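**Student:** Dropping a prediction and its sequence here:
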Amino acid sequence: MQNNNLYPFTTGNRLEDRNTYFYIPYNGQEFVNAWLDDREQTLAELEAEPKIIDFMPHGSLLDINFPINTSALMSVLMNAFIEKTELETLYAIANRLLQRFEVTKRIHVSYPENYRAYADTPYDDLSLYVKFACLLQKIYENNPKLYYISGLIKLIDTLSAMVSELNQVEQSALVWLINSEKQNIGTLIKNLETQK
């Protein structure tokens, strides 16, 4: 994907050449426009209808055993969210996964109990990034904390950089995520403007 210097976060293999996001100059509306242009370029590459990825029900949060299979964990978390059960545990685990993603910019296929993946644990399964982004978006819709949208933006950056490696289902989910992200940011901007 081609982008401009104001939003350089969606080029290359972002699992290997990880974004740091440190000391990013904001540049006001120009930065927001560059982000929006970048997302529009990604949408233009995707020939898919927007649709959240399907999560297969997979047990209870009370039944988690370590090391945990991350794909199964995502399904358990989404199931808990949909059923509105074990929400305190759901948020604690989602926040821990988000914290680990913010540090490493990677999601590993499995985690030990402390959620610090072993060095040789694979992290190149893009379906995990799609699932985690979908989960965070649903959580954000019900609990609009800025740290969720911050994580979402970074996940979408990673996925946008790797569009050609996503399957059709994952591409549809990315379209849904970008549309949701644009709505999230639009609402934030509108709320900030009304507070002035």
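**Tutor:** Looks like it came in fine.

**Student:** For residue 69, what are phi and psi?
**Tutor:** phi -80, psi 120 (degrees, to the nearest 10).

**Student:** Residue 47 versus that one, what's the distance?
**Tutor:** Distance, residue 69 to residue 47, using CB to CB, to the nearest Å: 31 Å. Glycine gets a C-beta too; all of them are placed from N, C-alpha and C.

**Student:** Comparing these two, which residue is more hemmed in?
**Tutor:** Set residue 69 next to residue 47 and count neighbours by other CB atoms under 10 Å: residue 69 wins out with 14 against 10.

**Student:** do you know how far that one is from residue 7?
**Tutor:** With CB to CB as the criterion, residue 69 and residue 7 are 34 Å apart.

**Student:** Work out for me the element the residue nearest the centre of the chain sits within.
**Tutor:** When CA atoms, centre = their mean is applied to the chain, the residue found nearest the centroid is residue 133 (2.9 Å). Assigned by DSSP states H and E, residue 133 falls within helix 126-142.

**Student:** now the helices: where do they sit in the chain?
**Tutor:** For the chain, applying DSSP state H gives helices covering 28-45, 70-83, 87-104, 126-142, 146-161, 168-195.

**Student:** Between those helices, which one is closest to residue 14.
**Tutor:** helix 146-161 (4.4 Å; CB to CB).

**Student:** picking that back up, same for the helix holding residue 133, what does it pack against?
**Tutor:** helix 70-83, helix 87-104, helix 146-161, helix 168-195 (3 or more CB pairs under 8 Å, 6 or more residues apart in numbering; DSSP states H and E).

**Student:** How about the contacts made by the residue nearest to the centre of the chain?
**Tutor:** Contacts for residue 133 (CB atoms under 8 Å, 6 or more residues apart in numbering) come out as 152, 155, 156, 159, 173, 177.

**Student:** So residue 139 versus residue 77, what's the distance?
**Tutor:** Counting by CB to CB - residue 139 and residue 77 are separated by 9 Å.

**Student:** Overlap of the contact sets of the two?
**Tutor:** With CB under 8 Å, 6+ apart as the test, residue 139 and residue 77 both reach residue 94.

**Student:** Comparing the two, which shows the higher neighbour count?
**Tutor:** Remark: of residue 139 and residue 77, residue 77 carries more neighbours, 26 against 23, as counted by other CB under 10 Å.

**Student:** Check the gap between the more buried one and residue 138 for me.
**Tutor:** In terms of CB to CB, residue 77 sits 10 Å off from residue 138.

**Student:** Now do the same for the residue nearest to residue 170 when sequence neighbours are not counted: its pLDDT.
**Tutor:** The shortest distance from residue 170 to any non-neighbouring residue, by CB to CB, 6 or more residues apart in numbering, is to residue 130 (4.8 Å). We have a pLDDT of 98 for residue 130.

**Student:** In contact with residue 130, which residues?
**Tutor:** Counted by CB under 8 Å, 6+ apart, residue 130 has contacts 53, 159, 166, 170, 173, 174, 177.
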